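# What follows is a predicted structure for the sequence shown.
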Amino acid sequence: MESISVFEIIKVGIGPSSSHTMGPWNAATSFINLLKRERSVAEVKEVFLEFFGSLAKTGIGHGTDIAGMLGLNGENFKTIDTSKIDEKVEKIKTDQILSLGGEKEIPFVYGYHLILNMQKSLEFHPNGMIFRAVFEDGTELVQDYYSVGGGFIATQEKNSIQKDCVRTLYPCHHGSDVIKYCEKFGFKKFSDLIFVNEESWRPQEETRKEALYIWQQIKECVYKGVNKEGILPGGLNVSRRAAGINRKLLGDKIYKNIDEWFQLVVDAEENFTNINKWIACFALAVNEENASFGRIITAPTNGASGVIPAVLMYAQAFTPFTSEDDIARFLLVAGEIGTLFKKNATISAAMGGCQAEIGVSSAMAAAGLTEILGGNVGQVLMAAEIAMEHHLGLTCDPIKGLVQIPCIERNTMGAIKAITAANIALESDPDKARVSLDEVIQTMWETAQSMSDRFKETSEGGLAIAVNVPEC
């Protein structure tokens, strides 16, 4: 089993879904690269893209079709001007022309070259898609891809085609590995071990810089979210709430930039009610941005992208643990916990329901918070176990396939559970715990396999059908 960098789990992304937006976008980019290796873009006459299973059933609400088109068009979700997405997509549909890889214009008719096949699922994974290029000489190149959660993609031939998978000095594939290496080599903190392992990808100083970059992106995303009013796109008429909460909590205080705003948050009146409201505000702000095709931090998925930002913002605003070192250690530990779930279970709602998204992100955040609040290695793992234990069985049933109801509010709940789990773990003796993190991960995976497909991001069960929402 190969190791995964924490920055493959916590990374810059784009809304509204890591598996349904970022995954197909990455697959389209990968297919363009495959074309260039096998032949050339100049030789392509037409390209066809067909989505299956969960990708098709909730594709419109998740922007799967948009991601496929923009990826084939040579756009990069890390750099694209998100305010121009609608304009770019409309141009492709209206002109019926795609600039393949940004290099060659080819005919592209939505509904003919791009199909959402809701009647069929591919066997390898419910998030399947097939790309087919037809060359000028009549030959074809066909490739299947699967979006396996968190923006990761795979093919049947190769389980993961992420480029940054290597073997670390102290491979941590289970919680028991973390305990073993920390005890054997004298690592006092969980994050000390991760700092060493991340050297397989970059020097420690670069790891710190990347963590601080992630933190800056988190703050900017939250700041955007708390300063936007209005209705979220998609037809559910969901109102943005973060801005209203932010305004009520700050009263008549005025700020001109992100730093002034954050200082006002830090200086705000601290009581149990207000702190809880701020945590909700932080999470709502991120996920309202996510629902609007905004740029967010995928951690470990987009649907759960508000949990870690909310908990880290809480730590920075309302605890004494606010140093840059604390930020780095929080994110390293959170990311490593995420890798354990990815390697031994799933972080895909289409495979495991919402327990694989909100549950995993809550476990990650709980571990990161416990780390910087002074928890030992056992307590950090215990916090992650507690947080996941109380998300087991959580279904994914988004209304109309949009990452809005119940997804946005679930991030606030996941954040609160993470903080509660950290507090419980810090007051507990992990040696007396009856359930280990490894056992709860295994249980989560078994629960995922037993869960009906109706509750796995298909919008065919739960709230998705219980609430009567007319089609727009």
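Structure received. Quantities reported herein were computed from a predicted structural model and do not represent experimental measurements. Numbering: from 1, shown residues only.

# list the helices and strands the helix or strand containing residue 205 packs on?
Using DSSP states H and E, residue 205 sits within helix 204-225. Counting contacts by 3 or more Cβ pairs under 8 Å, 6 or more residues apart in numbering; DSSP states H and E, helix 204-225 packs against strand 11-14, helix 258-267, helix 272-291, strand 295-298, helix 307-318, helix 324-344. For the C-beta atoms, the positions are set from N, CA and C on the backbone; glycine is no exception.

# Using CSV, write down the CA coordinates of that helix.
Taking Å, rounded to 0.1, in the frame of the first residue of the first chain, the C-alpha atoms of helix 204-225 are listed here in CSV:
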residue,chain,number,x,y,z
GLN,A,204,9.9,20.3,6.1
GLU,A,205,10.0,24.1,5.5
GLU,A,206,8.0,23.6,2.2
THR,A,207,5.5,21.5,4.1
ARG,A,208,5.0,24.4,6.6
LYS,A,209,4.6,26.9,3.8
GLU,A,210,2.0,24.7,2.1
ALA,A,211,0.1,24.4,5.3
LEU,A,212,0.1,28.2,5.8
TYR,A,213,-1.0,28.6,2.2
ILE,A,214,-3.9,26.3,2.9
TRP,A,215,-4.8,28.4,6.0
GLN,A,216,-4.7,31.6,4.0
GLN,A,217,-7.1,30.0,1.4
ILE,A,218,-9.4,28.9,4.2
LYS,A,219,-9.5,32.5,5.6
GLU,A,220,-10.2,34.0,2.2
CYS,A,221,-13.0,31.5,1.5
VAL,A,222,-14.6,32.2,4.9
TYR,A,223,-14.2,35.9,4.3
LYS,A,224,-15.9,35.7,0.9
GLY,A,225,-18.7,33.7,2.4
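
# just to revisit the earlier point, ok, which of the helices and strands packed on helix 204-225 comes nearest residue 459?
helix 272-291 (15.2 Å; Cβ to Cβ).

# And the average pLDDT for the closest one is what?
Helix 272-291 shows a mean pLDDT of 97.

# Quick check, pLDDT for residue 162.
pLDDT, read off for residue 162, is 50.

# SS state for the residue nearest the centre of the chain?
The structure's the chain has its C-alpha centroid closest to residue 301; by Cα atoms, centre = their mean the separation is 1.5 Å. Classification of residue 301 by DSSP: H, G, I helix; E, B strand; the rest coil places it in coil.

# Look up how far residue 36 lies from it.
Distance of residue 301 to residue 36, computed by Cβ to Cβ, to the nearest Å: 29 Å.

# Same check on residue 167?
Taken as Cβ to Cβ, the span from residue 167 to residue 36 is 29 Å.

# quick one, which of those two is more surrounded?
Comparing residue 167 with residue 36 by other Cβ atoms under 10 Å, the one with more neighbours is residue 36, at 13 against 10.

# Where does the more buried one fall, secondary structure wise?
helix 23-38.

# Give me the residues contacting that helix.
Here helix 23-38 makes contact (Cβ atoms under 8 Å, 6 or more residues apart in numbering) with 14, 41, 44, 49, 51, 55, 64, 67-68, 70-72, 74, 76-77, 100-101, 127, 129, 131, 133, 141, 143, 145, 147-149, 151-153, 161.

# Now with 6 Å, please.
The list of residues contacting helix 23-38 from outside it, by Cβ atoms under 6 Å, 6 or more residues apart in numbering, reads 41, 64, 67-68, 71-72, 77, 101, 131, 133, 141, 143, 145, 147, 151, 153.

# With stretch 455-464 instead?
Contacts of stretch 455-464 (Cβ under 6 Å, 6+ apart): 54, 57-58, 349-350, 353, 395-399, 401, 406, 454.

# same question, stretch 299-314
In contact with stretch 299-314 (Cβ under 6 Å, 6+ apart) are residues 9-10, 13, 15, 17-18, 150, 218, 279, 282-283, 286-287, 290, 296, 298, 330, 334, 338, 347, 357-358, 360-362, 365, 369, 403, 407, 411, 414-415, 418.

# what about it, distance to the chain center?
Distance, stretch centre to chain centre, for stretch 299-314: 8 Å (Cα atoms, centre = their mean, to the nearest Å).

# Then stretch 186-204?
For stretch 186-204, the gap between its own C-alpha mean and the chain's C-alpha mean amounts to 23 Å (Cα atoms, centre = their mean).

# Show me which residues of that stretch are buried.
Within stretch 186-204, the residues that count as buried by 16 or more other Cβ atoms under 10 Å are 187, 189-191, 193-198, 201.

# With distance to residue 157, secondary structure and pLDDT added, can I get these in CSV?
CSV is the format used below for those (distance: Cβ to Cβ, whole Å; DSSP: H, G, I helix; E, B strand; the rest coil; pLDDT from 0 to 100):
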residue, distance to residue 157, secondary structure, pLDDT
187, 37, coil, 97
189, 40, coil, 97
190, 35, helix, 98
191, 36, helix, 98
193, 33, helix, 98
194, 31, helix, 98
195, 34, helix, 98
196, 33, helix, 98
197, 28, helix, 97
198, 29, helix, 97
201, 25, coil, 96
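
# Generate a markdown table for these, with distance to residue 461 as supplementary columns.
Formatted as a markdown table, the buried residues of stretch 186-204 follow (distance: Cβ to Cβ, whole Å):
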| residue | distance to residue 461 |
| --- | --- |
| 187 | 44 |
| 189 | 43 |
| 190 | 38 |
| 191 | 40 |
| 193 | 41 |
| 194 | 38 |
| 195 | 43 |
| 196 | 44 |
| 197 | 40 |
| 198 | 40 |
| 201 | 40 |
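
# For the residues you listed, which two are the farthest from each other?
Maximum pairwise distance in the buried residues of stretch 186-204, criterion Cβ to Cβ, is 19.7 Å, between 189 and 201.

# contacts for whichever strand or helix holds residue 423?
Element membership of residue 423, judged by DSSP H and E, is helix 407-426. Residues outside helix 407-426 that contact it (Cβ under 6 Å, 6+ apart) are 279-280, 283, 287, 303, 306-307, 310-311, 358, 361-362, 365-366, 369-370, 375, 379, 382-383, 386-387, 390, 398.

# how does this protein divide up, domain by domain?
18-154, 167-466 (automatic domain parsing).

# quick one: which of these is nearest residue 4?
Minimum separation from residue 4 across these (Cβ to Cβ) falls at domain 167-466, 4.6 Å.

# buried residues in stretch 231-250?
Quick answer for stretch 231-250 (16+ other Cβ under 10 Å): 232, 234, 236, 238, 240-243, 245-246, 249-250.

# Confidence-wise, which of those residues comes last?
residue 234 (91).

# Hmm, that residue is touching residue 402, no?
Yes - between residue 234 and residue 402 there is a contact at 4.4 Å, judged by Cβ atoms under 6 Å.

# Can you tell me the element residue 249 falls in?
Under the assignment here (DSSP H and E), residue 249 is part of helix 242-250.

# which residues are in contact with that helix?
With Cβ under 6 Å, 6+ apart, helix 242-250 has contacts from 225-226, 228-229, 264, 277, 281, 284-285, 288.

# quick one, that helix and helix 204-225 angle?
90 degrees (axes from the mean of the first three to the mean of the last three Cα atoms, to 10 degrees).
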